[in-house]
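>>> below are the sequence and a predicted model; questions follow.
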Amino acid sequence: MLRRAGGAVSTTAGPRVRMGRRVLDLDKRVLVDADGTEEALAASEFDLLKLFAENPNRPLARDWLLETVGHREMEVFDRAIDLRITRLRRKIEKDAAHPEAIRTVRGVGYMFVPPKD
């Protein structure tokens, strides 16, 4: 069957976005390390990272992120989006205590800042 399909199976990578110390593979829905190791993401984590990748250098409101990714409206003291951001920072940042890729925008929400190099 492979001969009929034109030979070997293609292992080319799909669209990728560098996020902190890792790369987000949009086709495989995984984070990839520099050594090629892949880490699977929960659906909500992937959706959140994809939103950030589609809106670089643009502050995104916490309530909008939660409504879009969580598919529900935000309640007064809802910290769900903050917990997701904390988990993502641990996965992509070099130092989660001093984030560079996903920054907090005081009074608004969060912003993805792509690496310059």
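That came in fine, so what should we check first?
>>> so which helix or strand takes in the closest residue to D47 other than its chain neighbours?
Nearest residue to D47 in three dimensions, chain neighbours excluded: V69, at 4.7 Å (C-beta to C-beta, 6 or more residues apart in numbering). C-betas here are computed from N, CA, C, even on glycine. Under the criterion of DSSP states H and E, V69 resides in helix 62-70.
>>> which secondary structure elements does that helix sit against?
For helix 62-70, the packing partners by 3 or more C-beta pairs under 8 Å, 6 or more residues apart in numbering; DSSP states H and E come out as helix 43-54, helix 80-92, strand 109-112.
>>> for these, which one sits closest to R62?
Nearest to R62, of all the helices and strands packed on helix 62-70, is strand 109-112, at 4.1 Å by C-beta to C-beta.
>>> just to revisit the earlier point, most packed of the helices and strands packed on helix 62-70?
strand 109-112 (a mean of 20; mean count of other C-beta atoms under 10 Å).
>>> chain center to that strand, what's the gap?
Mean C-alpha position of strand 109-112 versus that of the full chain (C-alpha atoms, centre = their mean, to the nearest Å) differs by 12 Å.
>>> just to revisit the earlier point, tabulate the helices and strands packed on helix 62-70 in CSV, adding columns for mean pLDDT.
Formatted as CSV, these follow (pLDDT from 0 to 100):
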stretch, mean pLDDT
helix 43-54, 94
helix 80-92, 92
strand 109-112, 96
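>>> pLDDT weak spots in the chain?
Low-confidence segments of the chain (pLDDT under 70): 1-14, 71-78, 117.
>>> fine by me, we can end here.
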